[in-house]
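>>> Would you be able to build a 3D model of this:
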Amino acid sequence: MTKRQAVWVWTKKVFSLTLILNALITITTLAGILYGVFFQWWKPWYPELISGNLFIVVAIAAIINIFPSASIGRALHTGRFLFHHYVYGFFVLFSSAIYVVAFTSVSLVMLFLVNSSSVAVNAGRLFLLTGLTLVLDDLPDVSKRVEFSLNKIKSAVCRIRRVFHYLQLATGVVTFYISVAIAVFEVYHPSTNIENYLTMTTLMITSLTSFACVKRKSWLKITPPNGSAH
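Prediction:
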């Protein structure tokens, strides 16, 4: 492999990890929003956003995006430095958990449910999600049992992959609408809350990822682990 090829491979790998991380950030951001919607009767970005319940659809979009995002990186041969990626992932997760407990006033259980602008809290969130990203990227290599379970899930999904294809399109459209609704709300109700802009950006990336995967027919291209046709 030439130096240029190696750079291209690692660029695609980092891109794949970034998409997974964005999906996880989307999901955890929604955890706090949906907590406010269901338990505090919050109407986020109303009236531009017709209902906060639509964030459930966004959660589905983010979850559906994880597999095709991870497949981009798993198709590459980057090798490994000393350990598998998941080892570093578990180390980052463990270290981040200790950091949150020791240096923040928020419990691990409530970390993604509280609305906080604290640098320490948000750093803890990012570190935890980064560790989880590394684990998810290398999940089949964690153990033979995990790989077997994932292969069973993949075989079942292959039978209804067309459903996931169209579901990804539908959830992508809803996610795009919500990101635009937040943008319009901020135009008419300007705020200095940077989290609003981060949420808007994250959702936009999630929607564009959905559209890109639909265009590439990512879900339609998956095959059973044994390579047999369904």
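>>> So what's the residue count around N65?
Residues within reach of N65, counting by other CB atoms under 10 Å, total 28. (Glycine included, C-beta is placed from N, CA and C.)
>>> what are the phi and psi angles of it?
Phi and psi for N65, reported as degrees, to the nearest 10, are phi -70, psi -20.
>>> Return the residues in contact with it.
N65 is in contact with 19, 23, 168, 206, 209-210, 213, counting by CB atoms under 8 Å, 6 or more residues apart in numbering.
>>> Check the residues you listed and tell me the two furthest apart.
Across those, no pair lies farther apart than L19 and Q168, at 13.4 Å, counting by CB to CB.
>>> Looking at the contacts of N65, which is nearest K144?
Among these, and counting by CB to CB, the member closest to K144 is A23, at 26.2 Å.
>>> Verify the stated contact: that closest one with I60.
No - contact criterion CB atoms under 8 Å: A23 and I60 do not qualify, at 11.1 Å.
>>> circling back to that earlier point, which one of the contacts of N65 is nearest L132?
Nearest to L132, judged by CB to CB, of those is A23 at 10.5 Å.
>>> Just give me the longest helix of the protein.
helix 3-39 (DSSP state H).
>>> Tell me which residues of it come out buried.
9, 13, 16-17, 19-30, 32-37 (16 or more other CB atoms under 10 Å).
>>> Repeat that for stretch 56-63.
By 16+ other CB under 10 Å, the buried positions in stretch 56-63 come out as 56-62.
>>> For the chain, which segments are assigned as helices?
Going by DSSP H, the chain shows helices at 3-39, 55-74, 85-103, 119-137, 144-159, 161-188, 194-216.
>>> possible to save those helices as TSV with distance to Y46 and mean pLDDT?
Putting the helices of the chain into TSV (distance: least, CB to CB, whole Å; pLDDT from 0 to 100) gives the following:
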stretch	distance to Y46	mean pLDDT
helix 3-39	11	83
helix 55-74	13	88
helix 85-103	32	88
helix 119-137	25	88
helix 144-159	36	82
helix 161-188	8	95
helix 194-216	13	92
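>>> my guess is A183 contacts M200, does it?
Yes - at 5.6 Å, A183 counts as touching M200 under the criterion of CB under 8 Å.
>>> What separation is there between V101 and L134?
21 Å (CB to CB, to the nearest Å).
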